[in-house]
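Novice: Sequence and computational prediction follow.
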Amino acid sequence: MKKLAVVMMLCAALSMAGVSGCASGNGNTAEPSADSATPEPAGKEAEQDSETTPIGAEQENKSAQEQEPGQKDVTDQGSSSSGKEGAAADGKAAELQLTEAGKEFLRKMCYCLPEFSDPAEMDDEFWHEFIFLSYTGAWGDEEIEEVTREDLQMQEKVVKVSLEDMEAYVKLALGVDLPDYKPAFEDMSPGQTSCFYRDGYYYIGLSDFPDFTFTYQDGTLEGDDIYIVKYNTAFEGDENAGSVVFRVRPADNANGFVIVGKTVNR
């Protein structure tokens, strides 16, 4: 019954994130079997070198007629913000400078970020799922502790994240401030995998993800400084299991953008 409760909780969380399937919930961490590096949440891309590679190179031979009206391929021009400033001065759309590190960050968001299309949709349920999914896999060098769970009759392993690190992570990903969302340990449902706040830290219980992989497809300008970036979804040998579509806006941060929307196509 304890294992079933944990499994049901993560299933619900993954459903919010647009990821079908169920985590094992056995307390063991598992890396999502993606085609690139293991996700490291909490904005660690700011500490990495951003190797620049051409974006949308696979579309170079497309004719102008094949492009959707009002769209153009995303171009990668490194981390300088001068292009964005110049475009703004000319009254043109700011240019998205998407690096390899930026694409990797978005791939991680395929796992972690719930679907949304408007900031008004960022309610407590949204923040719970985003925080939980971002850390439950313990993807990186996070601090691990144990908390006593009388309902589970065990010591549960949890990731410990400071309020300051969580605020920086949210700002980098979404360009907004983390609201005053601080769920209490006492308010968790019996059998729920931990996700609570106490004395300046968030605590997120460990669990596994299903065997999904996400691969960058392309990026195009939608208009009004908004770009569409697509990832293909594969699951257990099915290379066409759907897609994830992000709407991003160029920004002066470590990624060069913030996410303003996410849609999952199944």
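Specialist: Perfect, I can see it now.

Novice: All the helices of the chain, in order from the start?
Specialist: Taking DSSP state H as the test, the helices found in the chain are 2-16, 82-89, 100-112, 124-135, 163-174.

Novice: for the stretch 51-200 of the chain, which spans come out with low pLDDT?
Specialist: 51-93 (pLDDT under 70).

Novice: At which residues are the strands of the stretch 51-200 of the chain located?
Specialist: Listed in chain order, the strands of the stretch 51-200 of the chain (DSSP state E, counting those that start in this stretch) span 143-149, 154-162, 195-198.

Novice: Now do the buried residues in stretch 214-229.
Specialist: By neighbour count, with 16 or more other CB atoms under 10 Å as the criterion, the buried positions of stretch 214-229 are 214, 215, 216, 218, 219, 220, 221, 225, 226, 227, 228, 229. For every residue, glycine as well, the C-beta is placed using N, CA and C.

Novice: Check the gap between residue 257 and residue 210 for me.
Specialist: Taking CB to CB, to the nearest Å as the criterion, residue 257 is separated from residue 210 by 27 Å.

Novice: which of the two has more neighbours?
Specialist: Ranked by neighbour count (other CB atoms under 10 Å), residue 257 and residue 210 place residue 257 first, with 25 against 19.

Novice: tell me the contacts of that one?
Specialist: Counting by CB atoms under 8 Å, 6 or more residues apart in numbering, residue 257 makes contact with 96, 98, 102, 227, 248, 249, 250, 251.

Novice: Please work out how many residues are found near the closest residue to the fourth one other than its chain neighbours.
Specialist: So the one you mean is residue 227. Counting by CB to CB, 6 or more residues apart in numbering, residue 96 is the residue found nearest to residue 227 once chain neighbours are left out, at 4.6 Å. Counted with other CB under 10 Å, the neighbours of residue 96 add up to 27.

Novice: cool, and the one 4 residues further on?
Specialist: Using other CB under 10 Å, the number of residues around residue 100 comes to 17.

Novice: From here on, call the first residue 30.
Specialist: Sure thing, new numbering starts at 30, so read that last one as residue 129.

Novice: So residue 124 is in contact with residue 279, correct?
Specialist: Yes: contact criterion CB atoms under 8 Å: residue 124 and residue 279 qualify, at 6.6 Å.

Novice: wait, doesn't residue 130 sit right on residue 282?
Specialist: No: Residue 130 is not in contact with residue 282 according to CB under 8 Å; the separation is 11.6 Å.

Novice: When the two are compared, which one has more neighbours?
Specialist: The neighbour comparison of residue 130 against residue 282 (other CB under 10 Å) goes to residue 130, with 21 against 16.

Novice: Look up how far residue 287 lies from that one.
Specialist: 15 Å.

Novice: list the contacts for residue 176?
Specialist: 184, 185, 187, 214, 223, 232.

Novice: Leaving out chain neighbours, which residue sits closest to residue 171?
Specialist: Using CB to CB, 6+ apart and skipping the chain neighbours, the partner closest in space to residue 171 is residue 188 (4.6 Å).

Novice: For burial, what's the neighbour tally of the one you found?
Specialist: Residue 188 - counted by other CB under 10 Å - has 26 other residues nearby.

Novice: can you tell me how far it sits from residue 172?
Specialist: Residue 188 is 7 Å from residue 172, by CB to CB.

Novice: before we move on, what about residue 249?
Specialist: Separation of residue 249 from residue 172 (CB to CB): 40 Å.

Novice: Residue 124 now?
Specialist: Residue 124 is 38 Å from residue 172, where distance means CB to CB.

Novice: Which of the two has more residues huddled nearby?
Specialist: Each of residue 124 and residue 172 has its neighbours counted (other CB under 10 Å); residue 124 has more, 23 against 11.

Novice: I'd say residue 254 and residue 123 touch.
Specialist: Yes: in this structure residue 254 lies within contact range of residue 123 using CB under 8 Å: 4.7 Å.
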